[in-house]
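Asker: Sharing a sequence plus its predicted fold:
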Amino acid sequence: MTSPIEKFNIHVPDDVLDDLKTRLALTRFPNELQLSPGEEWSYGTPEQVTRNLVEYWRTSFDWRHIEDEINAHLPQYTAVVNTGSEEHGSLRLHFVHKRSTRPNAVPLIFSHGWPGSFLEVSKIIEGLTEPTDPKHPAFHVVAPSLPGYCFSEPSRKPGLSLKATAYMFNELMKLLGYTAYMAQGGDWGAMVIRALAIWHPENCKAIHSNMFITTMPTPIRHPFKLVKLIGAVLGSFVGLEIGYSKDELEGLKFSKYFMEEESGYMHVQSTKPQTLAYGLTDSPVGLLTWLHEKLRRWTDDYPWTDDEILTWVMLYWINGPVGSLRYYKEAKTPYLKTDERTYVVSQYTNVPLGVSVFPNEVFRFPHDWGHMVQPLKFWKKHEKGGHFAAWERPKILIDDIRQFTEIVVQDDLSLRSNTIST
Amino acid sequence: MATSNTDQAFKISVSESQIHELKVKLDLIRFPDELEDAGWAYGSPLKDVQRLVAYWKSGYSWREHEKHINDTLPQFTKDISVDGFGTLNIHFVHQKSSVQNAIPLLFVHGWPGSFLEVTKILPLLTAASKQYPSFHVVALSLPGYGFSEAPKQKGFGLFQYAEVCNKLMIELGYTEYVAQGGDWGYYITRALGHKFSKNCRAVHSNMPRGSPPKFIHNQVLFLQHALVPYSEAEKAGFARSAWFLGPGFGYRQQQSTQPQTLGYSLSDSPAGLLAWIYEKLRNWTDDYRWTDDEILTWVSIYWFSRAGPAATTRIYYEVETAKERDIITKPINNIPLGFSYFPRELVVTPRSWARTLGNVVFESTHASGGHFAAHEKPTILVDDIRQMFGKGGPANHVIPHKSGFDHGLKAKL
């Protein structure tokens, strides 16, 4: 019987790397306004930083070495997995899979987002699979690439969104023998794990998010929270902290600011991803700057090295970014009376939720909103860190995942059972 | 005409190395894939972009179009100083009418348009006739667009663009003139009307905006708006506006907040620039049958522009940051305003909304046409302008001694 799971190693063909170098040498840079120190990023990714990166990328960046490292550190596979829809059929998913040597390890699926990748699991995989302290829980870790991202096959048809992604990820976990598992994610990963909790609660038993996202309280479902919010806003006008703290109100203001001032990429990708894709597929500097801006803006003073930035960008460059851009529009696929994205954010599910809150995250909601769409079992706020928690604060995230897991496995012993299929 | 600052005659002459660089890049284009039956739902379709790239690479001749533009449009450059921004070298088209008392008219383009948008209306506006007025026409490349220099500092907003326009006209000897514009041309001519109405004596726009009348400011309009039901055309207008402000708005959101980030792919990838602009040429017009040559010429102006394509997006950021759209909404009451309504404009509002913009003396509604009126509906647009300023028109003789006719002289045909 042919195994549906195939071993995978990243090996970018030579001609792709040569072509990339040719393009980099031909880069035509835009000019730039003269900005004061401190303002360099205010119109977008600045020129000097970009020129330096392009030069390094062209002359010294050693992709083969990085490729070898990733292959050595992250055991990767592909498997053809059903999407749950006739239209999309079955697609080949790329994923990392590392089993713990510990018995009773908990299966955990880690879902990345944009502009991240499976690579984000790198710094947490060791701590999760082989904790040095025997009292800490251990995990079998699965980290897929979202469909259409990186080395996962895209669909040829419109509409492959969160529901299909969740179906595929659930199928993947079952294929690997994990009928009861936990899920962890941020960015789109935070949405995918919500989709798992909503549509596959029989297998996905608990989810942990580092990007808690939800809708505004509504008068019918959350009247007290709405009143509390109104009170807080009114109170703030007269300098009083009513209902929500100043901190929490600031967080809401920031979320609003983010949607108004920093969501251009989201608007374009949600409506005209194809139009955007031409430039980002054809121009390495175009792709670099589009992603680099987020790597910088969304993190909390994280000291990105040139190698890190370019590695993240390469993972989008190799097969082109269009699948990842279209993912935003696909999330608007109509579902019931709304669209998938809105449904996933607002639908109630009984699957327990754990949240890690990092200060530089782009959406910042009050603590008690955590209860609105799931039973909240863990909520921890941190002093430092941003959107890419697994990359910026891996130890902290591992700690939080462990703590959350200890809480949920007390309630759900099925998480501790594991079966291995051949 | 004696001027204080000499105009330099200008001919577009893109260097061989730039043309070569473009061809090398076109040869290397790496295309994304596309979903089956995507049509226009996700943006510019792959087969269109591939076809245009192939033609741009071999077939389309920039030199031919460059020559044609130079032969058809008399162009010049002039240094214009702008308070706080030094001197900018400004590229413009200038065509005088044979009619001595022709009305000086400034045509202001927008994005992703250019000075080229004046091409079809130029011969019509400058034509001499006994029936309709004639105009001396000036059509500049806005700073940062076409062959005009771009400002180097931040904060170059609507009133700076207006200052350039006003100074240019004055230095050309037109101390009083009228202005016409759409897209950014609408906003800039509003700024002209607000700040430089001593010189800019009337404004016509094909992109009327405005907000719903408020009782406190316009009681009559408010009541009109409240009591009179929307017509079919107005309802269709709301649907069109909703499209623009929703699915059609991404580009503006990006250009208003992080224009530089977008600018790299627009500058480095001809396919990227082409797809970004082509989508607007198609979605913003009313079934206009763009030829591949037209599309590529419009895009080439951006590709070969003096300041590069990234510079053209900064106006969105500056205007958004300074909230200038709100500022110029305040009514202009001391000069006549005119509006032409085209059904496929981006935001199509009821007449009562634009009347809040001030002294609206001319309105005209059309059954077809979109955002690029001067390019899609040149004769209709010129008809409207002629009606507004001509004999018996509501802005007739807005500039003394510049009626658009030579009195007592036979019109030269």
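Answerer: Structure received. Numbers count the residues shown, from 1 in each chain, chains lettered A, B, ... in the order given.

Asker: Residue A:293 versus the residue in the stretch 301-422 of chain A that chain B sits nearest to, what's the distance?
Answerer: Using C-beta to the nearest C-beta, the single residue of the stretch 301-422 of chain A nearest to chain B is residue A:322, 3.7 Å away. Yep, even glycine has a C-beta here, placed from its N, CA and C like the rest. Separation of residue A:322 from residue A:293 (C-beta to C-beta, to the nearest Å): 19 Å.

Asker: So those two - more neighbours on which side?
Answerer: Neighbours were counted for residue A:322 and for residue A:293 using other C-beta atoms under 10 Å in any protein chain shown; residue A:322 has more, 25 against 21.

Asker: my guess is the more buried one meets residue B:33, correct?
Answerer: Yes - between residue A:322 and residue B:33 there is a contact under C-beta atoms under 8 Å: 6.3 Å.

Asker: overlap in contacts of those two?
Answerer: Common contact partners of residue A:322 and residue B:33 (C-beta atoms under 8 Å, 6 or more residues apart in numbering or on different chains): residue A:154.

Asker: Quick one: the strands in the chain, in order.
Answerer: By default, I'm working from chain A. Applying DSSP state E to chain A gives strands spanning A:5-8, A:76-82, A:90-98, A:106-111, A:139-144, A:181-185, A:204-209, A:334-335, A:338-339, A:353-357, A:376-381.

Asker: You answered for a different chain; I wanted chain B.
Answerer: For chain B, the strands defined by DSSP E cover B:8-10, B:75-82, B:86-95, B:103-108, B:135-140, B:177-181, B:200-205, B:332-341, B:358-365.

Asker: Take those and write them to TSV, including distance to chain A.
Answerer: What follows is the strands of chain B, written out as TSV (distance: least, C-beta to the nearest C-beta, whole Å):
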stretch	distance to chain A
strand B:8-10	21
strand B:75-82	15
strand B:86-95	11
strand B:103-108	22
strand B:135-140	20
strand B:177-181	25
strand B:200-205	26
strand B:332-341	26
strand B:358-365	29
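
Asker: Report how many residues lie close to residue 211.
Answerer: Using chain A. Counted with other C-beta under 10 Å, residue A:211 comes out at 24.

Asker: oops, I was thinking of chain B
Answerer: What residue B:211 shows, counting by other C-beta under 10 Å, is a neighbour count of 12.

Asker: now do the one 3 residues further on
Answerer: Residue B:214 sits with 12 neighbouring residues when counted by other C-beta under 10 Å.

Asker: Please give me every residue in contact with it.
Answerer: Here residue B:214 is in contact with B:222, B:356 (C-beta under 8 Å, 6+ apart).

Asker: Mind pulling up the pLDDT for it?
Answerer: Looking at residue B:214, its pLDDT reads 81.

Asker: how far away is it from residue B:324?
Answerer: Counting by C-beta to C-beta, the gap from residue B:214 to residue B:324 is 20 Å.

Asker: Next: residue B:269.
Answerer: 31 Å.

Asker: Equivalent analysis for residue A:399, please.
Answerer: For residue A:399, the distance to residue B:324 - C-beta to C-beta - is 49 Å.

Asker: ends of stretch B:329-346, how far apart?
Answerer: End-to-end distance of stretch B:329-346: 17 Å, with C-alpha to C-alpha, to the nearest Å as the criterion.

Asker: meant to ask about stretch B:258-274, not that
Answerer: Stretch B:258-274: ends 20 Å apart by C-alpha to C-alpha.

Asker: quick revisit: let's have the strands of chain B in CSV, adding distance to residue A:5 and mean neighbour count.
Answerer: Output for the strands of chain B, formatted as CSV (distance: least, C-beta to C-beta, whole Å; neighbours: other C-beta atoms under 10 Å in any protein chain shown):
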stretch, distance to residue A:5, mean neighbour count
strand B:8-10, 66, 13
strand B:75-82, 65, 19
strand B:86-95, 62, 20
strand B:103-108, 63, 27
strand B:135-140, 64, 27
strand B:177-181, 62, 28
strand B:200-205, 63, 26
strand B:332-341, 62, 22
strand B:358-365, 65, 18
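
Asker: Just send the ones you listed back as a markdown table, with mean pLDDT too.
Answerer: Listed next are those as a markdown table, based on pLDDT from 0 to 100:
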| stretch | mean pLDDT |
| --- | --- |
| strand B:8-10 | 93 |
| strand B:75-82 | 98 |
| strand B:86-95 | 98 |
| strand B:103-108 | 98 |
| strand B:135-140 | 98 |
| strand B:177-181 | 98 |
| strand B:200-205 | 98 |
| strand B:332-341 | 97 |
| strand B:358-365 | 97 |
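
Asker: who wins for proximity to residue A:133 among the ones you listed?
Answerer: Proximity to residue A:133 (C-beta to C-beta) singles out strand B:86-95 among the strands of chain B, at 65.1 Å.

Asker: what angle separates that closest one from strand B:103-108?
Answerer: Orientation check (axes from the mean of the first three to the mean of the last three C-alpha atoms, to 10 degrees): strand B:86-95 against strand B:103-108 gives 120 degrees.

Asker: just the angle between strand B:86-95 and strand B:135-140, please?
Answerer: 140 degrees.

Asker: Strand B:86-95: partners in the sheet, and parallel or antiparallel?
Answerer: Neighbouring strands of strand B:86-95 in its sheet, by DSSP bridges, are strand B:75-82 (antiparallel), strand B:135-140 (antiparallel).

Asker: Contacts for that strand, please.
Answerer: Taking contacts as C-beta under 8 Å, 6+ apart, the residues outside strand B:86-95 that touch it are B:7, B:10, B:73-82, B:115, B:118, B:122, B:126, B:136-141, B:143, B:146-152, B:164, B:168, B:172, B:306.

Asker: ok so, going back, quick one: contacts for the residue of the stretch 301-422 of chain A closest to chain B?
Answerer: A:148, A:154, A:273-274, A:277, A:280-281, B:32-34.
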